[in-house]
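>>> Got a predicted model here, sequence first, then my questions.
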Amino acid sequence: MRVILLKDQRSLGKRGEEVKVKPGFGRNFLIPQGLALEANTANRAFFEQQRAKIDARHVKEREAAMEIAAQLAGTKVVISKRVGDSGTLYGSVTSMDVAAALEEKGITVDRRRIDLEGGIKTVGDHAVRVDLHPEVMGEVTVSVVAEE
């Protein structure tokens with residue numbers, strides 16, 4: 001099955017590209033989620049008409065992501081957690097914890113955009129990547145301290 005991508009997909013390609021996918025993936029995921037259109041003559045013509053609007057929206061989203069990335073640059077958040085005798089945490093710092101700490105500083109970031117790679121399980125400073133847009137990434141320093 002061939003589809004036209006409406007949004008950038010890491011594993012498939014960029015917005016506007018026509019790619020071949022398995023029929024179930026296209027019909028059950030990409031099309032219902034609004035990530036792609038079935039590549040037929042009518043949809044190709046429709047997409048060409050909509051391309052200017054989509055490009056303008058993409059530019060706005062990228063600019064908004066760049067503003068947030070500028071806010072994140074040099075930002076340090078402190079999260080306190082219970083710590084065992086060996087210096088490891090009971091549990092871990094999750095993306096929800098980081099998002100809440102950023103929210104307290106006035107920076108709103110969706111927790112799904114925060115890339116912790118399994119969570120933070122030790123005390124100290126950790127650099128955390130935030131995927132704000134396919135073309136824009138930010139970084140925030142998370143300082144984990146022992147709860148008193």
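Arrived safely.

>>> Point to the residue nearest the middle of this protein.
Geometric centre of the chain, nearest residue: R113, 3.1 Å, by CA atoms, centre = their mean.

>>> how much space between the residue of the chain most remote from its centre and R27?
Each residue of the chain has a distance to the centre, and by CA atoms, centre = their mean the biggest one is for D85: 34.9 Å. Separation of D85 from R27 (CB to CB, to the nearest Å) stands at 54 Å. All C-beta spots, glycine's among them, are computed from the backbone N, C-alpha and C.

>>> close enough to count as contact, the residue nearest to the centre of the chain and R129?
No. R113 is beyond contact range of R129, at 9.4 Å (criterion: CB atoms under 8 Å).

>>> contacting residues for E148?
Counting by CB atoms under 8 Å, 6 or more residues apart in numbering, E148 makes contact with S80.

>>> picking that back up, per-residue pLDDT of the residue nearest to the centre of the chain, please?
On pLDDT, R113 comes in at 91.

>>> now do the one 5 residues further on
Model confidence at G118, expressed as pLDDT, equals 77.

>>> OK, contacts around the closest residue in space to it that isn't next to it in sequence?
Closest residue to G118 apart from its sequence neighbours, by CB to CB, 6 or more residues apart in numbering: S92 at 7.8 Å. With contacts defined as CB under 8 Å, 6+ apart, S92 is in contact with G118, G119, I120, K121.

>>> Excluding chain neighbours, what is closest to L72?
Among residues not flanking L72 along the chain, G138 sits closest, at 3.8 Å (CB to CB, 6+ apart).

>>> Is the one you found within a helix or a strand, and which one?
Element membership for G138, per DSSP states H and E: strand 136-146.

>>> Mind listing what's buried along that strand?
Of the residues in strand 136-146, V136, G138, V140, V142, V144 count as buried by neighbour count, 16 or more other CB atoms under 10 Å.

>>> same deal with stretch 24-35?
For stretch 24-35, the buried set under the neighbour-count rule, 16+ other CB under 10 Å, comprises G26, L30, I31, L35.

>>> thinking again about what came up before, which pair of the buried residues of strand 136-146 spans the longest distance?
Using CB to CB, those span at most 25.9 Å, a distance reached by V136 and V144.

>>> Quick check: what element follows the lengthiest helix in the chain along the chain?
Longest helix of the chain, by residue count under DSSP state H: helix 41-72. Heading C-terminal from helix 41-72, the first helix or strand you meet, by DSSP H and E, is strand 76-81.
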